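Engineer: this is a predicted model, with the sequence first.
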Amino acid sequence: DDNPVAHQSVVAEYSVTGPGANTADPNSERILLTFEQPQFNHNAGFVGFGPDNLLYITPGDGGGSGDNEPGHTGGGPGNQPGAVTGGLGNSQDRSNLLGKVLRIDPAGNNGPGGQYGIPGDNPFVGEAGVREEIFAYGLRNPWRATFDDGRLIVADVGQGLVEEINLVESGGNYGWRIKEGSLDFDNTVAPNPPATLIDPIAEYTRPGAANGLQEIDGRSITGGAIYRGTEFPELQGTYLFGDFTLASGGFGSPNGLLLGLEETSPGVLGSQIEVLNIPTGNPFGEFVLAFGNDENGEVYVATKRTLAASELDGNGLPTGAIYRLVVVPEPASALLVLIAAALAYRWIRVN
């Protein structure tokens, strides 16, 4: 099949069970948007409202390798990045939704099927042959995003060399599959119309790559959150993020990294990534899944210890946890994961 479909992604809306409730009514599902995925991976990982009260969604490029397998625009057989050269790929193809940042209005009805609206100030509204839901494009597997003071910060998982952090703007093209991070991937790709490619604000590569980029022993970036709490002023403005697990250990080894990117001036992130100094060790023996802020701006990280979708420990509790990042007083001068695992398990199980 020239256009196989491995599975379908669904964006749906649920209502809470009642005023002030924090649980959803399973019978209230309203499907807003669906799109097909040609392979099982690169499903990406962010659905969230921006400061404009519109919904942002980050689909990956459809999976496989190199954005040029069957089901990818211009792709062909084989699973090697160089199987086809010059193929546009889904991420550069603005006629589909994969490899993009999408922006829709759940309260509107002018989108296809009438289940959502397309904001009039989306960058490609009215452009023939282009999906008007697209806010930005040229992403491979945008795994987690965050809004901060009007900025949209998106982490994008690389093919095999570069993990990147992007400051995403309306209409921006972030390069994949022409580039992986700031490095050439397939420079024979010629998008139509031509577009300026926007490099990451920070990126890192595998140990020993010797390609001029900062080397960190990670294999799959997990996007984070900006610290906006008051408990630790020294962290103010820092982007706290991670890597799913070490490149040297493989995906089966739970050994994630916690990383940080400091501000160089108010509202401006630097490019030098720091491996956080954690008294108990970093990497720290768990997969790093996601980050988030509470209502006070403190930062939390979600983890798990197995790759299984659902697996319980000897006490019948999930193997995942949620931790809060705090600063250890001098002389340690380090970041420490503080929340007890038992408390995190209980939170996951109840909610």
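Structural biologist: Arrived safely.
Engineer: can you list the low-confidence ranges for the stretch 251-351 of the chain?
Structural biologist: Residue ranges of the stretch 251-351 of the chain with pLDDT under 70: 330-351.
Engineer: let me fix that: the stretch 51-200 of the chain
Structural biologist: 78-83.
Engineer: now the strands for it?
Structural biologist: For the stretch 51-200 of the chain, the strands defined by DSSP state E, counting those that start in this stretch occupy 55-57, 100-104, 134-137, 142-148, 151-156, 162-168, 179-180, 183-184.
Engineer: tell me which residues of the third one are tucked away?
Structural biologist: Just to be clear, that refers to strand 134-137. If you call a residue buried by 16 or more other CB atoms under 10 Å, then strand 134-137 has these buried ones: 134-137. C-beta: built from backbone N, CA, C; applies to glycine.
Engineer: and the two most separated of these?
Structural biologist: 135 and 137 (8.4 Å; CB to CB).
Engineer: point to the residue nearest the middle of the protein.
Structural biologist: The geometric centre of the chain, computed from its C-alpha atoms, lies nearest to residue 143 (CA atoms, centre = their mean), at 1.7 Å.
Engineer: shouldn't that residue be in contact with residue 241?
Structural biologist: No: checked against CB atoms under 8 Å, the pair residue 143 and residue 241 is beyond contact range at 10.1 Å.
Engineer: between those two, what contacts are shared?
Structural biologist: Residues touching both residue 143 and residue 241 by CB atoms under 8 Å, 6 or more residues apart in numbering: 155, 221-223.
Engineer: take those and keep only those in strands.
Structural biologist: Those of those mapping onto strands are 155, 221-223, per DSSP state E.
Engineer: mind pulling up the pLDDT for the closest residue in space to the residue nearest to the centre of the chain that isn't next to it in sequence?
Structural biologist: Nearest residue to residue 143 in three dimensions, chain neighbours excluded: residue 45, at 4.6 Å (CB to CB, 6 or more residues apart in numbering). Residue 45 is assigned 79 on the pLDDT scale.
Engineer: how many neighbours does the nearest residue to residue 75 once chain neighbours are set aside have?
Structural biologist: Spatial nearest neighbour of residue 75, chain neighbours left out: residue 68 (3.9 Å); criterion: CB to CB, 6+ apart. Using other CB atoms under 10 Å, residue 68 is surrounded by 28 other residues.
Engineer: and residue 68, what does it touch?
Structural biologist: Residue 68 neighbours (CB under 8 Å, 6+ apart): 74-76, 81, 83-84, 87, 89, 177, 186.
Engineer: contacts only, for the closest residue to residue 180 other than its chain neighbours.
Structural biologist: Residue nearest to residue 180 in three dimensions, not counting chain neighbours: residue 162, with 4.7 Å by CB to CB, 6+ apart. Contacts for residue 162 (CB under 8 Å, 6+ apart) come out as 180-183, 200, 203-205, 213.
Engineer: in JSON lines: the residues you listed, plus neighbour count and distance to residue 29.
Structural biologist: Converted to JSON lines, these look like this (neighbours: other CB atoms under 10 Å; distance: CB to CB, whole Å):
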{"residue": "180", "neighbour count": "24", "distance to residue 29": "37"}
{"residue": "181", "neighbour count": "27", "distance to residue 29": "38"}
{"residue": "182", "neighbour count": "16", "distance to residue 29": "41"}
{"residue": "183", "neighbour count": "17", "distance to residue 29": "42"}
{"residue": "200", "neighbour count": "23", "distance to residue 29": "36"}
{"residue": "203", "neighbour count": "24", "distance to residue 29": "38"}
{"residue": "204", "neighbour count": "26", "distance to residue 29": "39"}
{"residue": "205", "neighbour count": "24", "distance to residue 29": "42"}
{"residue": "213", "neighbour count": "20", "distance to residue 29": "43"}
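Engineer: which among those gets closest to residue 173?
Structural biologist: residue 200 (12.8 Å).
Engineer: buried sites along stretch 243-252?
Structural biologist: Buried positions in stretch 243-252, judged by neighbour count with 16+ other CB under 10 Å: 243-247.
Engineer: to clarify, my last question referred to stretch 213-223.
Structural biologist: Applying 16+ other CB under 10 Å to stretch 213-223 flags 213, 216-223 as buried.
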